[in-house]
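*Asks:* pasting the sequence and the predicted coordinates here, then a few questions.
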Amino acid sequence: MFNQSGSRRWTHFRSALELAIERSAHKWTYEDFAQCFPTYVEEDKTGAVLTFTRISDYIKNHNLGKLDELLQEYDAKENIDALHKIVTEAQERKAAGQEATRKDVWNEDIQPSVAVAARTLPMFQKEADRATQTLESLKKENLQLMAALEEEMATTTKLNQQSLELLNLLSNANKAWEEIPLEDVEKWTVEMNNYIKPTL
């Protein structure tokens, strides 16, 4: 059985579905079963009755499980309870002689689905506005990140250019060093050693 909580409409709806499943599970009678498996029924009547009952129970329980999944997937209880509330409020207003003044209030001139839509659309609009604000905020943050990234790339390009210039200077200095004759280098080395030799 199912949870009995909820509106009267939900309880009747769910009970009707359970009754339909119960009837469909037992629509295949024991006589039908016996016609399909005559030898089994003749040889083991008790076992055949038990098997038939188990199969019927399995079909019923399987269908009830699938029904529960389907009803949960579509929020059937919440939606039927919301419809029940709208209709009940309309009946109370009618009994009190009041006219519906809002668009999201059901009366006899409109379909219940229109009244439900009139109640849910403002909620969806608020959610859409919130999503739009979030999107705008993310766009703004994205632009800031792009600007920071471009600035970082410009700095990196400038540093790469400076590094390249420094490497060119070093390469030129190395080339100039290699062009100096070896004798001159040896002469300078001796002169420098003499010059910096400490005096005792």
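*Replies:* Ah, there it is. Numbers count the residues shown, from 1 in each chain.

*Asks:* every contact and neighbour count from this point should use C-alpha atoms.
*Replies:* OK.

*Asks:* hey, which helix or strand in this structure has the poorest pLDDT?
*Replies:* helix 182-196 (a mean of 81; mean pLDDT, DSSP states H and E).

*Asks:* okay, angle between the helix of greatest length in the chain and helix 182-196 too, please.
*Replies:* In the chain, with assignment by DSSP state H, the single longest helix is helix 112-179. With axes from the mean of the first three to the mean of the last three CA atoms, to 10 degrees applied, the angle from helix 112-179 to helix 182-196 works out at 90 degrees.

*Asks:* re earlier: list the buried ones in the least confident helix or strand of the chain?
*Replies:* The neighbour-count check on helix 182-196 (16 or more other CA atoms under 10 Å) flags nothing as buried.

*Asks:* got the contact list for it?
*Replies:* Around helix 182-196, nothing counts as a contact under CA atoms under 8 Å, 6 or more residues apart in numbering.

*Asks:* pLDDT below threshold where in this protein?
*Replies:* Within the chain, the set of residues satisfying pLDDT under 70 comprises 1-4, 99-110, 112, 115-116, 119, 197-200.

*Asks:* same thing but 80
*Replies:* 1-5, 26, 90, 93-94, 97-123, 184-185, 195-200 (pLDDT under 80).

*Asks:* dump the residue contacts of L145.
*Replies:* With contact set as CA under 8 Å, 6+ apart, L145 has no partners.

*Asks:* restrict stretch 178-185 to CA atoms and write it as PDB.
*Replies:* Coordinates of each C-alpha in stretch 178-185 appear next as PDB, following Å, rounded to 0.1, in the frame of the first residue of the first chain:
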ATOM      1  CA  GLU A 178      86.000  34.700 -29.500                       C
ATOM      2  CA  GLU A 179      87.400  37.200 -32.100                       C
ATOM      3  CA  ILE A 180      90.100  38.400 -29.700                       C
ATOM      4  CA  PRO A 181      93.400  36.800 -30.400                       C
ATOM      5  CA  LEU A 182      94.600  34.200 -27.900                       C
ATOM      6  CA  GLU A 183      97.900  35.900 -27.300                       C
ATOM      7  CA  ASP A 184      96.100  39.100 -26.200                       C
ATOM      8  CA  VAL A 185      94.000  37.100 -23.800                       C
END
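
*Asks:* how far does it sit from its chain's centre?
*Replies:* Distance of stretch 178-185 from the chain centroid (CA atoms, centre = their mean, to the nearest Å) equals 75 Å.

*Asks:* switch to numbering from 4
*Replies:* All right, first residue 4 from here; so that's stretch 181-188.

*Asks:* off-centre distance for the least confident helix or strand of the chain?
*Replies:* Worked out by CA atoms, centre = their mean, helix 185-199 lies 78 Å from the chain centre.

*Asks:* ok, stretch 45-62 next?
*Replies:* 45 Å.

*Asks:* same question for stretch 142-150.
*Replies:* 25 Å.

*Asks:* also stretch 17-28?
*Replies:* In terms of CA atoms, centre = their mean, the centre of stretch 17-28 is found 33 Å from the chain centre.

*Asks:* repeat for stretch 28-42
*Replies:* With CA atoms, centre = their mean, you get 46 Å for stretch 28-42.

*Asks:* buried sites along that stretch?
*Replies:* 28-29, 33, 36-37.
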